[in-house]
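[1] Build me a model:
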Amino acid sequence: MVPSVLRIGALATQCGVSIDTIRYYERCKLLPRAGRSRGGFRLFAPDAVERIRFIKQAQEDPIPICYCFGHTVASAREEIARTGHSTVVARITAEIPAGHCACEVKNPAGSCCLGDVSRVVKTLLKEHVLCTAPRTT
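    Take a look at the predicted model:
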């Protein structure tokens, strides 16, 4: 029988992540804000299990954002986490005049990916600010 709610410890065990990871996902709004028991314990809906498994899978698979120069969502996120900013767009922009870009051939969309890369980097920067903001609860 599937429980109607899961406390954070049970959810963490079932998903193979730490309690801190679940709190982080909640803070970053990757998981909906959990309800609370009368004792103040976080209570998650059973669908949180699948959501966490999806997040873990997405983190493990490198998602390309630039096919010519090998930039991925993970590499951009790591640079932002390490430095607080990204040089991906500037590096790609510097390579284009040198003729090193082959998006028309390498990108499955058949066109330049710089606009997409810029949007992804902006999203990652917002995520970084949101996830590193001081906790309010």
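[2] got the residue ranges for the helices in this protein?
    Under the criterion DSSP state H, the chain contains helices at 8-15, 19-27, 48-60, 73-83, 88-95, 103-106, 114-132.
[3] Can you list the neighbours in contact with the shortest one?
    Contacts of helix 103-106 from elsewhere in the structure, counted by C-beta atoms under 8 Å, 6 or more residues apart in numbering, are 67-68, 109-113. Using the backbone N, CA and C atoms, a C-beta is placed for each residue, glycine as well.
[4] Output the below-cut-off pLDDT ranges for the chain.
    Judged by pLDDT under 70, the chain has its weakly predicted residues at 1-3, 61, 133, 135-137.
[5] That one - how does it break down into domains?
    6-60, 64-132 (automatic domain parsing).
[6] Dump the contacts of helix 103-106 into JSON lines; add neighbour count and distance to residue 60 as well.
    Output for the contacts of helix 103-106, formatted as JSON lines (neighbours: other C-beta atoms under 10 Å; distance: C-beta to C-beta, whole Å):
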{"residue": "67", "neighbour count": "16", "distance to residue 60": "20"}
{"residue": "68", "neighbour count": "20", "distance to residue 60": "23"}
{"residue": "109", "neighbour count": "10", "distance to residue 60": "24"}
{"residue": "110", "neighbour count": "9", "distance to residue 60": "28"}
{"residue": "111", "neighbour count": "11", "distance to residue 60": "28"}
{"residue": "112", "neighbour count": "16", "distance to residue 60": "28"}
{"residue": "113", "neighbour count": "22", "distance to residue 60": "22"}
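[7] Turn these into TSV, including distance to residue 16.
    TSV is the format used below for the contacts of helix 103-106 (distance: C-beta to C-beta, whole Å):
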residue	distance to residue 16
67	32
68	35
109	35
110	39
111	39
112	39
113	34
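[8] which one of those residues is nearest residue 33?
    Proximity of the contacts of helix 103-106 to residue 33 (C-beta to C-beta) peaks at residue 113, which lies at 34.3 Å.
[9] what's the spacing between that closest one and residue 107?
    The gap separating residue 113 from residue 107 is 5 Å, by C-beta to C-beta, to the nearest Å.
[10] now do residue 97
    Distance, residue 97 to residue 107, using C-beta to C-beta: 18 Å.
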